[in-house]
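My questions concern the predicted model and sequence given below.
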Amino acid sequence: MRTGIFGGTFNPVHCGHLHIAQVFTREMNLDQVLWIPTYQPPHKESRELAGAEHRLEMCRLACKEDPRYKVCDLEIRRGGKSYTADTLRELSRLYPENRWVLLMGEDMFLTLLHWYHPEEILALAEICAVPRSQDDSGLLQRMQQQAEAIAAMGGTVRICPAEYWPVSSTEIREKLRQGKTVSGLIPPSVEQYITQKGLYGKEEIG
């Protein structure tokens with residue numbers, strides 16, 4: 001079974017994530033996609049990070065319409081910093097019959113060889129890199145150079161261009177703090193959950 005791995009903070013999950021997941025599933029011919037919220041990201045500041053249980057539930061709400069999407073709590077149960085090599089090692093032990101495809105955006109892809117045990121990541125999974133910025137020939141050139149470096153190490157990479165989706169979790173959190181609408185940026189069920197739980201400065205009205 002070809003299984004995609006879509007990890008991230010999902011703080012909060014938004015329609016851009018769903019768009020990328022659709023491209024990932026189609027272009028890589030995946031049977032399923034595991035959405036894996038990180039417990040504590042090793043590469044990002046976490047001072048604005050919603051609780052793990054909230055981010056896990058928001059992912060479940062966002063993924064419920066597509067039966068190919070599964071939400072995995074492996075990194076949250078493990079706790080501590082979430083390293084991809086550890087996650088791939090554990091998934092491979094639990095599901096040895098699966099073939100793993102790891103999704104990442106351009107920022108993570110361009111730093112991959114500096115991650116914790118990159119050689120193990122490349123041995124266990126194929127890499128799918130998706131440019132998330134607007135068209136930039138310089139960016140695509142850097143990504144292609146990185147793909148060549150990874151191939152020289154025995155890894156497999158596919159760069160899958162996706163239509164630019166102008167939304168980020170940072171932008172959504174700021175809009176919520178300011179009381180602005182996020183309609184169309186996050187799934188309605190996720191927005192309702194954020195309101196009910198008072199996340200990101202959003203409080204239930206009435």
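Arrived safely.

in the protein, which spans are strands?
Taking DSSP state E as the criterion, the chain contains strands spanning 2-8, 32-37, 69-71, 99-105, 125-130, 157-159.

Direction included, what does the fourth one pair against?
Right, strand 99-105. Listed by DSSP bridges, the sheet partners of strand 99-105 and their directions read strand 2-8 (parallel), strand 125-130 (parallel).

contacting residues around the last one?
By that I understand strand 125-130. With Cβ atoms under 8 Å, 6 or more residues apart in numbering as the test, strand 125-130 has contacts from 4-5, 20, 23-24, 27-28, 88, 99-106, 109, 112, 121, 143, 146-147, 150, 155-162. In this view, the C-beta of every residue, glycine as well, is placed from N, C-alpha and C.

Do a quick rundown of the helices in the chain.
Read by DSSP state H, the chain holds these helices, from start to end of the chain: 15-27, 52-63, 74-78, 84-94, 106-109, 118-124, 137-152, 169-177, 188-197.

Out of these, which one sits most buried?
Mean neighbour counts were compared across those using mean count of other Cβ atoms under 10 Å; the top stretch is helix 52-63, at a mean of 21.

roughly how far is that helix from the heart of the chain?
Relative to the centre of its chain, helix 52-63 is centred 13 Å away, using Cα atoms, centre = their mean, to the nearest Å.

quick revisit: could the helices of the chain go into TSV alongside mean pLDDT and distance to Pro41?
Conversion of the helices of the chain to TSV gives the following (pLDDT from 0 to 100; distance: least, Cβ to Cβ, whole Å):
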stretch	mean pLDDT	distance to Pro41
helix 15-27	95	15
helix 52-63	97	11
helix 74-78	95	10
helix 84-94	97	11
helix 106-109	92	10
helix 118-124	98	16
helix 137-152	92	21
helix 169-177	94	12
helix 188-197	96	19
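
could I get the ones you listed as JSON lines with distance to Pro37?
Compiled in JSON lines, the helices of the chain are given as follows (distance: least, Cβ to Cβ, whole Å):
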{"stretch": "helix 15-27", "distance to Pro37": "11"}
{"stretch": "helix 52-63", "distance to Pro37": "5"}
{"stretch": "helix 74-78", "distance to Pro37": "6"}
{"stretch": "helix 84-94", "distance to Pro37": "11"}
{"stretch": "helix 106-109", "distance to Pro37": "15"}
{"stretch": "helix 118-124", "distance to Pro37": "19"}
{"stretch": "helix 137-152", "distance to Pro37": "25"}
{"stretch": "helix 169-177", "distance to Pro37": "12"}
{"stretch": "helix 188-197", "distance to Pro37": "13"}
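
re earlier: with distance to Gly16 as new columns, can the strands of the chain be given to me in CSV?
Conversion of the strands of the chain to CSV gives the following (distance: least, Cβ to Cβ, whole Å):
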stretch, distance to Gly16
strand 2-8, 11
strand 32-37, 14
strand 69-71, 15
strand 99-105, 10
strand 125-130, 11
strand 157-159, 18
